[in-house]
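K.L.:
Provided below are the primary sequence and the corresponding predicted coordinates.
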Amino acid sequence: MGIRAVVWDVDDTLFDYTSADREGLRAHLLAEGVLGRYATVEEALVRWREITDAQWARFASGEVDFETQRRDRTRVFLGRDLTDDEADDWFRRYLVHYEAAWSLFPDVLPVLDALAATHRHAVLSNSSLPVQDRKLRVLGVHDRFEAILCAAELGVSKPDPGAFLAACEALSLPPHQVAYVGDHPEIDGRGAAEAGLLSVWIDRGGAYAAVDPPEGPRRIASLAELPSILGSDTRFGAPSTFR
């Protein structure tokens, strides 16, 4: 039997997180009227993304909880010792601008529509359930997914096979009947493949053009390519025409 369900990453797969984060921080810094120790907005944006990646890795490894990684992002970015309340207040003000910039990628609704009658759908994210549940509701796609699983509640993060297998269990399907679509070549692409799912890595705009693709995942540039891949899954013998 072929692929019966698709499990989706959220940020930078369905939801344009990178653009929203950049525009939200830009608006937040302008509204605050200060750049702190950063000479320009662009310098601040680059540093914010570096700090976000580093603190998110601490959360994904279980070193800190979700709220702590947010507070530490703020502390490191501002270069100041802040109380939890002070860090929370700064981050909440940022979230107002960040959420104002939320949007789906333009290829998301067409592919969800195309697959609605043929495949079941779920979400697996390395975030927290309250964050992603609300995000999917605001973006108008929450009802497209029969299960939403997040690392903060699961206690295990991608690329650990346990995270992907938990999604399969939620769907009551074996891994070889489930596809996973995500934007990160290792966390999503290799992780899903090693867990036994059909792994589809979306590399929008060639963001990882200089990266050697990991073994296992199919690499696509647009979700418009996904229905063809799901309709001709050839992992079990026949050669694939996809690269």
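P.N.:
Now that the structure is in, tell me what you want to look at.
K.L.:
and residue 21, what is it in contact with?
P.N.:
Listed by CB atoms under 8 Å, 6 or more residues apart in numbering, the contact set of residue 21 reads 48-49, 52, 98. Just so you know, the C-beta spots here come from the backbone N, C-alpha and C atoms, and that holds for glycine as well.
K.L.:
residues of whichever strand or helix holds it that come out buried?
P.N.:
Using DSSP states H and E, residue 21 falls within helix 17-32. By neighbour count, and taking 16 or more other CB atoms under 10 Å as the criterion, the buried residues in helix 17-32 are 17, 20-29.
K.L.:
Which pair in those residues has the greatest spatial separation?
P.N.:
Looking at these by CB to CB, the two members farthest from one another are 17 and 29, with 18.2 Å of separation.
K.L.:
Including neighbour count and secondary structure, could the contacts of residue 21 go into a markdown table?
P.N.:
Converted to a markdown table, the contacts of residue 21 look like this (neighbours: other CB atoms under 10 Å; DSSP: H, G, I helix; E, B strand; the rest coil):
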| residue | neighbour count | secondary structure |
| --- | --- | --- |
| 48 | 23 | helix |
| 49 | 14 | helix |
| 52 | 18 | helix |
| 98 | 19 | helix |
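K.L.:
need those residues in JSON lines with distance to residue 186 and pLDDT, can you?
P.N.:
Putting those into JSON lines (distance: CB to CB, whole Å; pLDDT from 0 to 100) gives the following:
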{"residue": "48", "distance to residue 186": "22", "pLDDT": "93"}
{"residue": "49", "distance to residue 186": "17", "pLDDT": "91"}
{"residue": "52", "distance to residue 186": "17", "pLDDT": "94"}
{"residue": "98", "distance to residue 186": "25", "pLDDT": "96"}
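K.L.:
what would these look like in JSON lines with distance to residue 139?
P.N.:
As requested, the contacts of residue 21 are exported to JSON lines (distance: CB to CB, whole Å):
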{"residue": "48", "distance to residue 139": "22"}
{"residue": "49", "distance to residue 139": "22"}
{"residue": "52", "distance to residue 139": "20"}
{"residue": "98", "distance to residue 139": "13"}
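K.L.:
what's the most distant pair in those?
P.N.:
Greatest spacing in the contacts of residue 21, by CB to CB: 49 and 98 (13.0 Å).
K.L.:
closest to residue 231 among the buried residues of helix 17-32?
P.N.:
Checking those one by one against residue 231 (CB to CB), the nearest turns out to be residue 17, at 28.5 Å.
K.L.:
Break the protein into its domains for me.
P.N.:
For the chain, automatic domain parsing gives the domain ranges 5-16+103-231, 17-100.
K.L.:
Distance from the first one to the middle of the chain?
P.N.:
With CA atoms, centre = their mean, to the nearest Å as the basis, the distance from the averaged C-alpha position of domain 5-16+103-231 to the chain average is 8 Å.
K.L.:
now swap in the last one and tell me
P.N.:
On the basis of CA atoms, centre = their mean, domain 17-100 is displaced by 17 Å from the centre of the chain it belongs to.
K.L.:
Now do it: distance from first to last residue.
P.N.:
Terminal residues of domain 17-100 lie 12 Å apart, using CA to CA, to the nearest Å.
K.L.:
got it, and the longest one?
P.N.:
For domain 5-16+103-231, the first-to-last residue distance is 12 Å (CA to CA).
K.L.:
is it true that residue 31 touches residue 98?
P.N.:
No. Assessed by CB atoms under 8 Å, residue 31 is found out of contact with residue 98, at 11.9 Å.
K.L.:
so residue 215 sits in a helix?
P.N.:
No. Checked against DSSP: H, G, I helix; E, B strand; the rest coil, residue 215 lies outside a helix; its state is coil.
K.L.:
Let me see the contact set for it.
P.N.:
Taking CB under 8 Å, 6+ apart, we find residue 215 in contact with 190, 193.
K.L.:
Lovely, talk soon.
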